[in-house]
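Here's my sequence, what's the structure:
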Amino acid sequence: MALFIPHNGCPHKCTFCNQRNIVGQAYQPNADDVTNAVKIAVDSLKENTKEAEIAFFGGSFTAIDREYMLELLDATKPFINRFKGIRLSTRPDCIDDEIVSLLKSYKVTSIELGAQSMDDEVLKLNERGHTADDVRNACRIIKNYGISLGLQMMTGLYGSDFYKDIYTADEFIKLRPDTVRIYPTVIMQDTELANLYNSKKFIPYTLEQSVELCSKLILKFKSENIRIIRLGLHYSESLENNSLGNNYHPAFKELCENKIFFDKITKLIKNYPDKEVDFFEAYVNPHSVSKLAGQNKSNIIRLNNMGYKLKIKTDQSLDEYEIYIKQR
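Okay, here's the model as predicted:
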């Protein structure tokens with residue numbers, strides 16, 4: 001169960017931030033809200049609560065007023081033993097030994113850092129107010145306390161490019177987080193990024209470029225056994241109505257996974273130079289059938305247009321993104 005603390009406590013207004021539009025709310029939850037939300041979660045999850053975490057997202061949790069932060073955490077105490085723990089998100093420069101020790105005492109089990117980029121120039125251009133070394137130091141402290149580490153990155157920020165985004169992913173891997181969230185930059189109205197976009201000083205990635213990049217990032221983190229727990233922003237009507245450009249898609253992860261399989265199968269087909277035979281059987285994990293077929297069977301259609309007929313079959317022994325083909 002998650003509670004949003006919108007923009008509360010953040011000492012900076014980043015170029016891309018208009019959080020009220022992103023989360024579609026500005027209400028600041030109090031202790032009663034926490035209690036009510038946890039009770040609802042307990043009733044709905046029943047015996048499965050031990051697999052769930054109480055989550056505080058949407059702001060810089062460790063930067064909010066200390067009394068308010070403790071009010072929210074105290075409200076979890078009567079229920080915390082029924083959950084796995086507490087997950088929260090915060091800024092890298094709002095982490096130190098004192099605060100992490102305090103969080104540990106409240107049974108915080110996961111901390112996600114909004115790192116966004118590991119390139120200092122990109123961080124500066126986007127007015128993040130922290131450095132890549134702040135990220136590294138915060139990661140070290142969190143891991144020293146045995147708390148699960150999550151890192152959040154944004155691709156296509158002002159001043160970034162494919163090389164810098166891949167560099168960020170490589171630097172994340174060195175820090176060995178347990179989880180990663182990847183958010184392609186979406187331009188929100190009433191932000192500095194929107195001003196830069198409207199004045200043509202910022203040219204964002206196209207949707208196709210974002211898919212190209214993030215499909216590579218999926219495989220990069222997968223190869224290092226680092227779990228991506230979110231790729232792309234959650235859909236909201238407010239987000240769709242208040243964003244500029246064409247970089248947002250409500251099924252962004254699906255597009256990236258479709259791209260992975262299209263690239264893999266076209267590469268495999270090239271190993272069969274016999275033009276007389278154009279029918280192939282493709283084998284994937286049962287859970288990956290729709291990923292290979294593509295959204296609205298887009299991959300199947302593209303292959304048909306290239307002159308190839310494809311029948312998808314399953315093989316339980318294959319991993320999520322593995323595939324092999326047979327020519328018929």
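
mind checking pLDDT for T15?
Looking at T15, its pLDDT reads 87.

Quick check: it vs R128, distance?
Plainly put, T15 is 9 Å away from R128 if you go by C-beta to C-beta, to the nearest Å. The C-beta positions use only the backbone N, C-alpha and C, and glycine is treated the same way.

Of these two, which one has the most company?
R128 (25 against 21; other C-beta atoms under 10 Å).

hang on, isn't that one packed against C14?
Yes: applying C-beta atoms under 8 Å, one finds R128 in contact with C14, separated by 5.7 Å.

shared neighbours of the two, which are they?
Common neighbours of R128 and C14 are listed as Q116 (criterion: C-beta atoms under 8 Å, 6 or more residues apart in numbering).

Just the residues contacting stretch 313-327, thanks.
Under C-beta under 8 Å, 6+ apart, the answer for stretch 313-327 is 218-219, 222, 257, 260-261, 264-265, 268-269, 272, 274, 277, 279-289, 292.

same question but for stretch 126-135, I mixed them up
Applying C-beta under 8 Å, 6+ apart, the external contacts of stretch 126-135 come out as 11-16, 91-93, 113, 115-120, 123, 151, 157-159, 171, 175, 192-193.

from those residues, which ones fall inside helices?
Within the contacts of stretch 126-135, residues falling in helices by DSSP state H are D120, L123, E171, L175, E192, L193.

D315 versus G232, what's the distance?
Computed with C-beta to C-beta, the distance linking G232 and D315 is 28 Å.

what's the answer for D93, then?
Using C-beta to C-beta, D93 is found at 47 Å from D315.

These two: who's more crowded?
Neighbours per residue (other C-beta under 10 Å) separate D93 from D315, with D93 holding more: 21 against 14.

Quick check: the closest residue to that one other than its chain neighbours vs Q116, distance?
In space, not counting the residues next to it along the chain, D93 is nearest to H130; the distance is 4.0 Å by C-beta to C-beta, 6 or more residues apart in numbering. Taking C-beta to C-beta as the measure, H130 and Q116 are separated by 9 Å.

How about A194?
Between A194 and Q116 the distance, using C-beta to C-beta, works out to 18 Å.

what's the average pLDDT for the helix or strand hosting L196?
Of the helices and strands defined by DSSP states H and E, L196 is found in helix 192-198. Rounded to a whole number, the mean pLDDT of helix 192-198 is 96.

Likewise for stretch 119-137?
Over the span of stretch 119-137, the pLDDT mean works out to 97.

what's near enough to touch A115?
Applying C-beta under 8 Å, 6+ apart, one finds that A115 lies in contact with P92, A132, V135, L151, Q152, M153, T168, F172.

Any chance of those in JSON lines with neighbour count and distance to G85 as columns?
Formatted as JSON lines, the contacts of A115 follow (neighbours: other C-beta atoms under 10 Å; distance: C-beta to C-beta, whole Å):
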{"residue": "P92", "neighbour count": "25", "distance to G85": "21"}
{"residue": "A132", "neighbour count": "18", "distance to G85": "28"}
{"residue": "V135", "neighbour count": "26", "distance to G85": "23"}
{"residue": "L151", "neighbour count": "28", "distance to G85": "18"}
{"residue": "Q152", "neighbour count": "19", "distance to G85": "19"}
{"residue": "M153", "neighbour count": "21", "distance to G85": "24"}
{"residue": "T168", "neighbour count": "26", "distance to G85": "28"}
{"residue": "F172", "neighbour count": "24", "distance to G85": "23"}
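
Of those residues, which is the nearest to N36?
Sorting the contacts of A115 by how near they are to N36, with C-beta to C-beta, puts Q152 at the top with 27.5 Å.

quick one: L88 is in a helix?
No: counting by DSSP: H, G, I helix; E, B strand; the rest coil, L88 is located in no helix; its state is strand.

separation between it and C94?
Counting by C-beta to C-beta, the separation of L88 from C94 is 11 Å.

which residue ranges form the helices in the stretch 151-300 of the chain?
Along the stretch 151-300 of the chain, the segments classed as helices by DSSP state H, counting those that start in this stretch run 162-175, 192-198, 207-223, 237-241, 252-269, 289-293, 298-305.

Show the secondary-structure elements that the second one is packed against.
Spelled out, it's helix 192-198. Contacts defined by 3 or more C-beta pairs under 8 Å, 6 or more residues apart in numbering; DSSP states H and E place helix 192-198 against strand 187-188, strand 243-244.

Check the fifth one too.
In terms of contact count using 3+ C-beta pairs under 8 Å, 6+ apart, helix 252-269 is assigned the packing partners helix 207-223, strand 227-231, strand 279-284, helix 289-293, helix 298-305, strand 324-327.

picking that back up, now the helices of the stretch 151-300 of the chain as CSV including distance to V108?
CSV is the format used below for those (distance: least, C-beta to C-beta, whole Å):
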stretch, distance to V108
helix 162-175, 19
helix 192-198, 31
helix 207-223, 24
helix 237-241, 28
helix 252-269, 27
helix 289-293, 34
helix 298-305, 42
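
Great, nothing more from me.
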